[in-house]
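# Output the structure for:
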Amino acid sequence: MSDDLTYLGGKLRLFVEAALGQGARVVIEEGQAHYVLHVMRAKAGDRLSLFNGSDGEWLAEVSETAKRTCTVECTQQIAPQSQVPDVWLVFAPVKKTPADYLTQKATELGVRVLQPVITRRTIVTRVNTERMRANAVEAAEQSGRVSVPEIREPLGFDKLLAAWPVERRILFCDEGGDAAPIAEALQKAPRGSWAVFTGPEGGFDPAERALLRSLPLVTPVSLGARILRADTAALAALAVWQSVCGDWH
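Have a look, this model is predicted:
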């Protein structure tokens, strides 16, 4: 048996939908198979790792290859299934390139759910959730996490808040200028389930901002003296949350 695949300087990891376990055989098809066979130039006997979000991570050996598919067999579990901290990112959609970047980096930062929200000032109202899913899968494969964040369909601001789970607190990135600094606010805030809430390029309108600030489960926070782009604000807030409340301890 050859060494682990190291053609690009690291172990090849793939997210799959199939069940994983000792001796499980998984057929790799379409784009993934092209990558494995023709980009990575894998052959029978080479090894890679698989994860599916529920069965942990498994070492697998390429057992059969064809022109467009290959079959791999699970040989050993190398990591148990684990969950990232319980934080969602609720964000107003932004144009394509920042949205791709936001999805990738939020996945790397360990977000559990990505929820687009359509606010009154949101310019981009069409969201390609399949593209978001593909970006999240790729980021999970590259970052070492054994799960992929849930990608939810966009919801209007009012509809989202009307159905909001009462146990989940909201970290509201407020541009109003009178909120507490984010790290200071989180040090004093209760632990548990959270969601980071960020608005569109133009920010939340006054009525939305007033509604958010009126809710007892909302903690308004400031992200500093500089004006941040919507995607930058979301990632900065996630990073601080992970540092104070998440798994960066």
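
# residues near T103, how many?
Neighbour count for T103, taken as other Cβ atoms under 10 Å: 26. From N, CA and C alone the C-beta is placed, and that goes for glycine too.

# likewise S243?
Burial of S243, expressed as a neighbour count using other Cβ under 10 Å, amounts to 14.

# which SS state does it fall under?
Three-state call for S243 (DSSP: H, G, I helix; E, B strand; the rest coil): helix.

# And for it, nearest residue in space, chain neighbours not counted?
A183 (7.6 Å; Cβ to Cβ, 6 or more residues apart in numbering).

# show me what contacts the one you found?
Counting by Cβ atoms under 8 Å, 6 or more residues apart in numbering, A183 makes contact with 240, 243-244.

# Helices of this structure, residue ranges please.
Taking DSSP state H, the helices of the chain run over residues 30-34, 96-108, 129-143, 157-162, 182-188, 206-214, 230-245.

# Turn those into JSON lines, columns for distance to E17 and mean pLDDT.
Below are these laid out as JSON lines (distance: least, Cβ to Cβ, whole Å; pLDDT from 0 to 100):
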{"stretch": "helix 30-34", "distance to E17": "11", "mean pLDDT": "87"}
{"stretch": "helix 96-108", "distance to E17": "17", "mean pLDDT": "91"}
{"stretch": "helix 129-143", "distance to E17": "10", "mean pLDDT": "95"}
{"stretch": "helix 157-162", "distance to E17": "28", "mean pLDDT": "96"}
{"stretch": "helix 182-188", "distance to E17": "36", "mean pLDDT": "94"}
{"stretch": "helix 206-214", "distance to E17": "37", "mean pLDDT": "94"}
{"stretch": "helix 230-245", "distance to E17": "27", "mean pLDDT": "95"}
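
# Save those as JSON lines, and put in distance to I170 too.
Compiled in JSON lines, these are given as follows (distance: least, Cβ to Cβ, whole Å):
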{"stretch": "helix 30-34", "distance to I170": "37"}
{"stretch": "helix 96-108", "distance to I170": "16"}
{"stretch": "helix 129-143", "distance to I170": "21"}
{"stretch": "helix 157-162", "distance to I170": "9"}
{"stretch": "helix 182-188", "distance to I170": "12"}
{"stretch": "helix 206-214", "distance to I170": "7"}
{"stretch": "helix 230-245", "distance to I170": "11"}
